[in-house]
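[1] Below are the sequence and a predicted model for it; my questions follow.
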Amino acid sequence: MKKVLIISYYFPPSGGSGVQRVLKFVKYLPQFGWKPVVYTVENGEYPIIDKSLEKDIPKEAEVIRSKIWEPYNLYKKFIGASSDAAISPGFVHENKKPKLTQRIAQWIRGNVFIPDARKFWIKPSIKFLTRYLKQNPVDAIISSGPPHSCHLIALGLKKQLGIKWLADFRDPWTKIYYYDKLHHTKSSHKKNLRLEKEVLASADEVIVVGETMKKEFSDVRKDNIHVITNGYDEDDIISDKKMLDEKFSIVYTGYLVGDENSTSLWQALKTIINSNDDFRSKLHLKFVGKVDVKVKNEISSFGLDEYSEFIDYKPHDEVTAYQQSAQVLLLLLNDTQAFKGILTGKMFEYLASKRPILCIGSIDGDAAKIINETKSGVVLRSDDENGIKEKILEFFEKYKSNNLHVNSIGIEKYSRRNLTSELVRILNK
């Protein structure tokens with residue numbers, strides 16, 4: 001069996017969306033003749049812990065953990081946050097007027113911690129893994145980012161040992177949606193661009209999650225860029241037919257950040273409630289996971305509190321059960337250029353749930369293309385209040401006649417096993 005070293009900050013017991021891609025690759029690689037050796041952190045700053053995911057680590061996998069020093073505890077003390085507070089990506093705050101300490105911390109993040117706050121893991125990891133790989137050779141290396149410090153570890157190993165290297169980008173680097181909020185100086189921005197370019201040029205193969213990111217990276221690299229999307233795991237689908245919610249449930253799962261807030265949706269729901277007694281008696285909004293306070297406040301401002309249920313983070317297998325029992329699945333995406341290439345893992349789990357998807361965001365982004373191609377739901381612009389209202393009423397009428405379903409097509413190619421077979425095809429090159 002061939003061996004591949006996988007460098008990833010996120011790995012169980014870490015929960016949340018960032019861990020799923022690597023974990024599922026690790027789960028299925030042995031079935032294609034590759035033994036995964038995972039290098040990860042021992043004491044990571046994980047916003048979510050989900051030990052239920054450990055069941056997906058195959059017996060063939062070897063997991064190596066090393067300590068990391070991160071500035072998060074200092075950061076929390078500096079801004080006056082509690083020790084167990086979740087840290088937003090890039091230290092970016094949703095407040096319109098963040099505190100002075102928050103703005104200072106954001107500037108430090110953008111100009112001192114390059115490429116990210118895990119930079120102090122890079123040199124110790126290169127030193128440790130160089131010794132380890134000389135004694136325990138592998139056939140290839142995969143680095144998964146963000147954090148992009150993982151790519152710089154792999155870059156160091158490539159320079160030292162010359163091992164074939166595949167760089168896997170779950171999100172962009174300098175085109176990530178919050179990048180412009182980090183107050184980079186010219187020199188800091190140039191350093192990020194230089195590091196990004198060096199990683200893209202030095203890796204033997206590059207993998208991205210969507211066509212938009214591939215197009216963006218093609219400015220630096222013309223060949224050996226492959227698209228392997230996120231996906232769903234067939235093992236997570238409840239085999240017995242799941243009973244649908246009795247009420248007209250509109251379900252959102254995952255972290256709902258302020259940038260994804262949809263004023264048009266809340267307004268449309270309020271309008272329907274005010275004019276339709278039947279809808280008002282049956283509506284049930286469910287949010288499973290963390291919801292930004294900005295979004296909660298806006299939901300409340302439209303008088304939707306009594307129709308809303310906020311459910312704290314649940315283990316992944318419970319989340320998929322909520323998805324599969326929903327009447328409608330809600331996907332909110334920021335309708336901006338920076339979000340057009342965003343393909344969240346939950347979208348593919350939505351596909352597997354085979355419940356109608358109501359996606360509000362960019363109508364020409366990567367997510368819209370997949371939803372439309374698979375006939376899994378509808379995609380509407382963020383400012384299309386009338387369209388949103390009409391589609392919700394259409395869903396509601398079908399719900400009342402027990403005819404609310406989708407006949408999706410071609411979703412099988414997004415199964416985690418099939419996606420891992422694509423990864424193996426590249427590895428076998």
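    That came through fine.
[2] Not counting its own residues, what contacts the strand ranked longest in the chain?
    The strand of greatest length in the chain, counted in residues with DSSP state E as the criterion, is given as strand 34-41. The contact list for strand 34-41, computed with CB atoms under 8 Å, 6 or more residues apart in numbering, reads 1-11, 22, 25-26, 29-30, 58, 60-68, 121, 125, 129, 136, 138, 153, 424, 427. For glycine as for every other residue, the C-beta is placed from the backbone atoms N, C-alpha and C.
[3] Does the residue lying closest to residue 380 once chain neighbours are set aside lie in a helix or a strand, and which?
    In space, residue 380 comes closest to residue 387 once its chain neighbours are excluded; the distance is 4.8 Å by CB to CB, 6 or more residues apart in numbering. With the criterion set as DSSP states H and E, the secondary-structure element containing residue 387 is helix 385-400.
[4] Next secondary structure after that helix?
    Downstream of helix 385-400, the first helix or strand assigned by DSSP H and E is helix 416-427.
[5] ok, residues contacting that following helix?
    2, 4, 24-25, 27-29, 31-34, 139-140, 166, 205, 207, 226, 228-234, 412-413.
[6] please redo it, this time with the cut-off set to 7 Å
    Where contact means CB atoms under 7 Å, 6 or more residues apart in numbering, the residues beyond helix 416-427 that reach it are 4, 24-25, 28-29, 32, 34, 140, 166, 205, 226, 228-229, 231-234, 412.
[7] which residues of the stretch 251-400 of the chain fall in strands?
    All strands of the stretch 251-400 of the chain, identified by DSSP state E, counting those that start in this stretch, fall at 283-288, 308-311, 328-332, 357-360, 377-380.
[8] Count the neighbours of residue 335 for me.
    Residue crowding around residue 335 was assessed by other CB atoms under 10 Å; the count is 20.
[9] That one and residue 342: what is the separation?
    Distance of residue 335 to residue 342, computed by CB to CB, to the nearest Å: 11 Å.
[10] Pull the contacting residues for residue 12.
    Contact analysis of residue 12 by CB under 7 Å, 6+ apart lists 19, 23, 51, 53, 54, 57.
[11] Apply 8 Å and report the result again.
    For residue 12, the contacting residues are 19, 23, 50, 51, 53, 54, 56, 57, taking CB under 8 Å, 6+ apart as the criterion.
[12] After the worst-scoring helix or strand of the chain on mean pLDDT, which helix or strand is next?
    Of all the helices and strands that make up the chain, the one with the lowest confidence by mean pLDDT, DSSP states H and E is helix 72-79; it has a mean of 58. On the C-terminal side of helix 72-79, the nearest following helix or strand under DSSP H and E is helix 100-111.
[13] hang on, the earlier thing: possible to save the strands of the stretch 251-400 of the chain as a markdown table with distance to residue 222?
    Conversion of the strands of the stretch 251-400 of the chain to a markdown table gives the following (distance: least, CB to CB, whole Å):
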| stretch | distance to residue 222 |
| --- | --- |
| strand 283-288 | 42 |
| strand 308-311 | 46 |
| strand 328-332 | 33 |
| strand 357-360 | 32 |
| strand 377-380 | 31 |
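[14] Between the ones you listed, which one is closest to residue 187.
    Taking CB to CB as the measure, the strands of the stretch 251-400 of the chain were each checked against residue 187, and strand 328-332 came out nearest at 36.1 Å.
[15] what is the rounded mean pLDDT of the closest one?
    This predicted structure assigns strand 328-332 an average pLDDT of 97.
[16] Please work out which residues outside that strand touch it.
    Here strand 328-332 has contacts from 248-253, 256, 260-262, 265, 323, 344, 346-347, 350, 353, 355-361, 367, 371, 377, 392, 395, 404, using CB under 8 Å, 6+ apart.
[17] Can you flag the buried ones in those residues?
    Among those, those scoring as buried are 248-253, 256, 260-262, 265, 323, 344, 346-347, 350, 353, 355-361, 367, 371, 377, 392, 395, 404 (criterion: 16 or more other CB atoms under 10 Å).
[18] mind listing which of the residues you listed are in helices?
    Judged by DSSP state H, helices contain the following of those: 265, 323, 346, 347, 350, 353, 367, 371, 392, 395.
[19] Surely the second one is in contact with residue 353?
    Read it as residue 323. Yes. Residue 323 is in contact with residue 353 according to CB atoms under 8 Å; the separation is 4.3 Å.
[20] re the thing from before, any idea how many residues pack against the residue nearest to residue 380?
    15.
[21] If you count contacts, what does the strand or helix carrying residue 155 end up packed against?
    With elements taken from DSSP H and E, the one containing residue 155 is helix 149-161. Packing partners of helix 149-161 (3 or more CB pairs under 8 Å, 6 or more residues apart in numbering; DSSP states H and E): strand 2-7, helix 122-135, strand 140-145, strand 165-169, helix 186-202.
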